[in-house]
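> model the structure of this input:
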Amino acid sequence: MPQSNPPKIHKVIDDFGRLPLADTPLATKKLSATPETILAMAIDAMIKSRPISHDLSQKAVSTLLKAGYHDIKTLEKSTWDERTMVLKDGGYNRYREQGATNLGELAELVLGVYDGDLNNLHKASDGNVQKVRALMKEIRGLGALGADIFLNNVQSVWPDMAPFIDSRSLKAAEEAGIETDLNAIFKELKGDCVEMSRLANGLSMMRLEKKVKEVEGVDGE
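Predicted coordinates:
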């Protein structure tokens with residue numbers, strides 16, 4: 001079995017790792033799979049799947065959650081104009097109109113198909129990662145990239161989704177000299193789903209900030 005290169009794995013987590021929903025009103029080290037948390041992760045994935053800067057998308061996500069849109073009743077009752085203004089306040093100007101529409105459609109889907117709780121999507125998938133990914137891609141405005149962003153985060157509270165790292169971040173890991181055997185990596189992290197999520201997000205951040213070379217110089221085993 002190829003070595004997972006523990007020193008580099010831990011350096012990525014230490015230097016770049018981010019907990020799910022970091023820098024938002026829901027940031028905590030003890031996330032649980034509440035309907036609000038899962039909806040917040042879906043909103044986060046939807047916003048961050050657009051081709052805009054990470055800082056700007058992060059600000060928009062935080063603004064949406066401050067407005068309470070991770071509560072399905074609040075999101076359902078919001079008007080298109082209200083959602084547009086919240087997105088504008090979050091600096092999400094280029095995509096605010098489409099984003100407002102997609103958020104409204106998200107509320108309709110969650111209520112109409114999943115009885116107001118995306119945990120029911122998890123149940124419908126029978127714990128299969130690819131089924132979850134396919135169902136998440138059905139959310140308009142989220143797509144393949146958004147589904148991967150969602151899985152990077154949701155594995156922290158849906159343990160049967162772990163170990164998961166999106167394909168672009170796996171490529172960044174390979175470039176940094178980290179083998180891409182997910183099971184070996186997960187074993188190194190002692191099966192900790194939260195740490196796996198931090199690693200996935202850390203690799204994504206490392207890629208976005210073009211910091212791969214900072215990890216390349218770390219000696220492996």
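
> helices and strands around the longest helix along the chain, which ones?
What stands out as the longest helix in the chain, according to DSSP state H, is helix 96-114. When contacts are defined as 3 or more Cβ pairs under 8 Å, 6 or more residues apart in numbering; DSSP states H and E, helix 96-114 packs onto helix 35-48, helix 72-77, helix 80-89, helix 119-124. C-beta coordinates here come from the backbone N, C-alpha and C atoms, glycine included.

> for the first one, C-alpha coordinates in CSV please.
Read it as helix 35-48. Below are the C-alpha coordinates for helix 35-48, written out as CSV (Å, rounded to 0.1, in the frame of the first residue of the first chain):
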residue,chain,number,x,y,z
PRO,A,35,-31.5,20.2,9.8
GLU,A,36,-30.1,23.7,10.2
THR,A,37,-26.5,22.6,10.0
ILE,A,38,-27.1,20.5,6.9
LEU,A,39,-29.0,23.2,5.1
ALA,A,40,-26.2,25.7,6.0
MET,A,41,-23.7,23.3,4.3
ALA,A,42,-25.9,23.1,1.2
ILE,A,43,-26.1,26.9,1.1
ASP,A,44,-22.3,27.1,1.6
ALA,A,45,-21.8,24.7,-1.3
MET,A,46,-24.2,26.5,-3.6
ILE,A,47,-22.5,29.9,-3.0
LYS,A,48,-19.0,28.6,-3.2
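
> name the surrounding residues that touch the longest helix of the chain.
If you take Cβ atoms under 8 Å, 6 or more residues apart in numbering as the criterion, helix 96-114 is touched by 39, 42-43, 46-47, 50, 60, 64, 69, 72, 75-76, 78, 80-81, 83-84, 87-88, 92, 116-118, 120-121, 124, 138-142.

> could I get the helices and strands packed on helix 96-114 as CSV with mean neighbour count, mean pLDDT and distance to residue 189?
Shown next, in CSV, are those (neighbours: other Cβ atoms under 10 Å; pLDDT from 0 to 100; distance: least, Cβ to Cβ, whole Å):
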stretch, mean neighbour count, mean pLDDT, distance to residue 189
helix 35-48, 24, 97, 20
helix 72-77, 15, 98, 32
helix 80-89, 17, 97, 36
helix 119-124, 17, 97, 22
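
> now render those as TSV, adding distance to residue 161.
Below are the helices and strands packed on helix 96-114 laid out as TSV (distance: least, Cβ to Cβ, whole Å):
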stretch	distance to residue 161
helix 35-48	11
helix 72-77	21
helix 80-89	28
helix 119-124	8
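
> which residues touch stretch 194-206?
Residues contacting stretch 194-206 (Cβ under 8 Å, 6+ apart): 9, 12-13, 15-20, 22, 29, 31, 54, 149, 152-153, 155-156, 162-166, 168-170, 172-173, 176, 185-186, 189, 211-212, 214-215.

> please consider this matter closed, and thank you.
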